[in-house]
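In: sequence? don't have it. structure:
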């Protein structure tokens, strides 16, 4: 390690890291001061030290608050990892005990994944970790990566592209499209052909949280309605003669309670590859455990 590196480390302390993280999250010095129990002048002094330490303005004052520079955005995941590592190092018990935990896990996931795993996940947590709960937000890829960078969520689930710097992406599960219709549909008895798929009206689901195109936008099909969520489309199909082309796992998970028949598509179905995106850096035993619960809920 160089003398320059040693000097930099001597000037860096945990308090500065906390100020940096909270400014990146909230963009408001007053909110940071209140959360950390510091005076506004202490926040101003810490920001001056941070700017000098990293040789960058880091946060530019705007009418709506502090806007982070590109350098600050790049430093965000590294600072978050340092804080997490410090906390685990100082903790007497760096592990995770599900039965004793009261942790709230935060994740981003598209609606069709939440509808697939939500009920099963609640059941698993009730048995294995009764004090644990979770919250889900519907984010697109850009918003999900931004929330991860700020530490607002523990991981994101979606149909992501290649991993970005500072993040890892690993596959969670694969799925394919199917066609769902009410069980007593007058024209369908467990199978559907191409002409029927085009001529019978479709209920099309779309969502701003989705990543990637869907076959529901196919110009060949007749549209009855467009709704923002696949589960809503399935509920509507259960009471009408409309069709829904949707992920098979989701349709099969809810087919019995909604009274649906699930059929193969009359064309080679696209693969739906669903992945998990996380920040790189030190692992978190609690997040690792919770992600394993998610995996089990997918396959329940």
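Out: The structure has been received and is ready for your questions. Everything quoted here is computed from the prediction, not taken from an experiment.

In: From now on I want contacts and neighbour counts done on CA atoms only, so please keep to that.
Out: Fine.

In: what about the helices in the stretch 201-300 of the chain?
Out: 230-237, 248-258, 285-298 (DSSP state H, counting those that start in this stretch).

In: Next, the contact list for residue 77, please.
Out: 148, 149, 150, 151, 166, 279, 280 (C-alpha atoms under 8 Å, 6 or more residues apart in numbering).

In: so it sits in a strand?
Out: No: membership of residue 77 in a strand is not supported by DSSP: H, G, I helix; E, B strand; the rest coil, which gives helix.

In: For residue 195, see how far away residue 13 is.
Out: 68 Å (C-alpha to C-alpha, to the nearest Å).

In: out of all of them, which strand in the chain is the longest?
Out: strand 167-182 (DSSP state E).

In: Quick check: buried residues in that one?
Out: 167, 169, 172, 175, 176, 177, 178, 179, 180, 181, 182 (16 or more other C-alpha atoms under 10 Å).

In: Do I have it right that the third one meets residue 297?
Out: No: applying C-alpha atoms under 8 Å, one finds residue 172 not in contact with residue 297, separated by 11.1 Å.

In: Nearest to residue 71 among the helices of the stretch 201-300 of the chain would be which one?
Out: helix 285-298 (27.2 Å; C-alpha to C-alpha).

In: need the buried residues of strand 167-182 in CSV with pLDDT, can you?
Out: CSV is the format used below for these (pLDDT from 0 to 100):
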residue, pLDDT
167, 88
169, 92
172, 96
175, 95
176, 94
177, 94
178, 96
179, 96
180, 97
181, 98
182, 97
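
In: and residue 15, what does it touch?
Out: Residue 15 neighbours (C-alpha under 8 Å, 6+ apart): none.

In: Tell me the helix or strand right after the helix or strand containing it.
Out: Per DSSP states H and E: residue 15 is located in helix 14-26. Next along the chain after helix 14-26, taking DSSP H and E as the criterion, comes helix 29-36.

In: Please name every helix or strand in contact with the following helix or strand past that following helix.
Out: Once the chain leaves helix 29-36, the next helix or strand it forms, by DSSP H and E, is helix 40-54. Packing contacts for helix 40-54, counted by 3 or more C-alpha pairs under 8 Å, 6 or more residues apart in numbering; DSSP states H and E, involve helix 14-26, helix 29-36.

In: May I see the buried residues of the longest one?
Out: Of all the residues in helix 14-26, those buried under the rule 16+ other C-alpha under 10 Å are 16, 17, 18, 19, 20, 21, 22, 23, 24, 25.

In: For the last one, report the pLDDT, please.
Out: We note a pLDDT of 89 for residue 25 in this prediction.

In: I'd like to know how many residues surround residue 112.
Out: Around residue 112 there are 20 other residues, counting by other C-alpha atoms under 10 Å.

In: isn't residue 275 right up against residue 173?
Out: Yes: at 6.9 Å, residue 275 counts as touching residue 173 under the criterion of C-alpha under 8 Å.

In: give me every residue that touches the closest residue to residue 243 other than its chain neighbours.
Out: Setting aside the residues directly before and after it, residue 243 is nearest to residue 202 in space (C-alpha to C-alpha, 6 or more residues apart in numbering), at 4.6 Å. Contacts for residue 202 (C-alpha under 8 Å, 6+ apart) come out as 221, 222, 223, 224, 225, 242, 243, 244, 245.

In: and the gap between the closest residue to the first one other than its chain neighbours and residue 222?
Out: Sequence neighbours aside, residue 198 is the residue nearest to residue 221 in space, at 4.5 Å (criterion: C-alpha to C-alpha, 6+ apart). With the distance defined as C-alpha to C-alpha, residue 198 ends up 6 Å from residue 222.

In: before we move on, what about residue 200?
Out: For residue 200, the distance to residue 222 - C-alpha to C-alpha - is 7 Å.
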